[in-house]
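K.L.:
Here is my input, please return the structure:
(2 chains)
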Amino acid sequence: MPRERTCLRYQLYKSRARKLAAASTSQLQHELELAGPTALDLSRVRFEAINAQALGAFEHWEHPHFSWGDVVGWKAREPLALDIAIWFEDELCGMCFANPNKSRLRIRIVRLEGRPKEAHPLKNRVATLSMIAIEHYAKIIGSRFLEVQEPQEGAVSIYQELGFDFDTEGRLVKTLEHLVS
Amino acid sequence: MRKVIKRSATRKSSRTTEDKTIAVELTASQRRLLQILVTGTEGDEPSLLAGRP
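P.N.:
This is a model prediction of the structure:
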C-alpha cells in the first residue's frame, strides 16, 4: 500500500507545518509580552485544516468570494496540497489553499481569502499568517519558491510587503531562503 | 506462561518528546513575516487575496 502510506506522510507534513506556524505566533506573543502589554493576543491564533468545522463557520460568512466546499474534492485529488483555516479562537478569519508542483520546488497559492464584509480580529494579518504556515511547509517538503497564482490587483502591494515580486515572466513569486544559523 | 513483549524505551520516549515540544527554527524571511504580523500589513488587506472567483 505505498500510496496510502505516502498520503499519511503528507498529512503529517501538513499538520507539522500548521503546528509550527502556531508555535511561531505563540512564541512571538511571548516575546511581545516581555516588552509590555499587547493589543492583540497572537497566541489565540489557530491554524487548522479546512475541515467540517471550518466549512460550518464559513457558512456564516457574508458574501464570500469562493465556495470553499470545493476544497474537499481538491484535497482528495492533491494529497500534497496544503489547506489552512486561520482562526482567532472560535472565529474563522481566513482560508488558504496552496499546492506544490510535482517536483515540490514551487508552491502555488491557489486561493486565499479573508473573512469578507464583517470586521474580524485578524484583519490585515490573514496573508501574513498564511505565508508563515506556507513557509514552514515549504521548508518541510524542500520547496524553494512560492507563487501567487492569480493575485488580486488590490493585493499586490501586500504580497510585495511580504517579500514577493514579479519575475521576468510576470509571475508574482518569492524565493525562499535558507535557515538562519 | 505468557510471553512478555518488550517495547523499545528509546522509541517510546522519542515519540512523546516529539509530541510535546516543537522546535521552531526560523529563516530570515519568517522573522520578517513575524515582524509584519505585529502591526499588520501597511495597506488595507482586501478579503479576496488570491484566486479567481
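K.L.:
Got the phi and psi for the residue most central in space within chain A?
P.N.:
Taking C-alpha atoms, centre = their mean as the criterion, A:Ser130 is the residue nearest the geometric centre of chain A, at 2.8 Å. The phi and psi values for A:Ser130, taken as degrees, to the nearest 10, are phi -60, psi -40.
K.L.:
dump the residue contacts of it.
P.N.:
Neighbouring residues of A:Ser130 by C-beta atoms under 8 Å, 6 or more residues apart in numbering or on different chains: A:Ile84, A:Ile86, A:Gly94, A:Cys96, A:Ala98, A:Ile109, A:Leu112. In this view, the C-beta of every residue, glycine as well, is placed from N, C-alpha and C.
K.L.:
ranking the residues you listed by neighbours, who comes first?
P.N.:
When neighbours are counted as other C-beta atoms under 10 Å in any protein chain shown, the busiest of the contacts of A:Ser130 turns out to be A:Leu112, with 30 neighbours.
K.L.:
Now for it: which residues touch it?
P.N.:
A:Gly94, A:Met95, A:Cys96, A:Phe97, A:Val126, A:Ala127, A:Ser130, A:Val148, B:Leu49, B:Ala50, B:Gly51.
K.L.:
The residues you listed in strands, which ones?
P.N.:
A:Gly94, A:Met95, A:Cys96, A:Phe97, A:Val148, B:Leu49, B:Ala50 (DSSP state E).
K.L.:
tell me the helices in chain B, going along the chain?
P.N.:
B:9-20, B:28-39 (DSSP state H).
K.L.:
What's the mean pLDDT across the first one?
P.N.:
Along helix B:9-20, the predicted local confidence has a mean pLDDT of 47.
K.L.:
for the last one, same thing?
P.N.:
Looking at helix B:28-39 alone, the average pLDDT works out to 96.
K.L.:
on that earlier part again, so which of the contacts of A:Ser130 comes closest to chain B?
P.N.:
Ranked by distance to chain B (C-beta to the nearest C-beta), those are led by A:Leu112 at 4.0 Å.
K.L.:
Beyond the helix ranked longest in chain A, next helix or strand please.
P.N.:
When chain A is parsed with DSSP H, its longest helix is helix A:2-35. Later in the chain than helix A:2-35, the nearest helix or strand by DSSP states H and E is strand A:45-48.
K.L.:
Please enumerate residues in contact with that next one?
P.N.:
Contacts of strand A:45-48 (C-beta under 8 Å, 6+ apart): A:18-19, A:21-22, A:25, A:54, A:84-89, A:122, A:129, A:133.
K.L.:
Apply 6 Å and report the result again.
P.N.:
Residues outside strand A:45-48 that contact it (C-beta atoms under 6 Å, 6 or more residues apart in numbering or on different chains) are A:Arg18, A:Ala21, A:Ala22, A:Thr25, A:Ile84, A:Ala85, A:Trp87, A:Phe88, A:Ala133.
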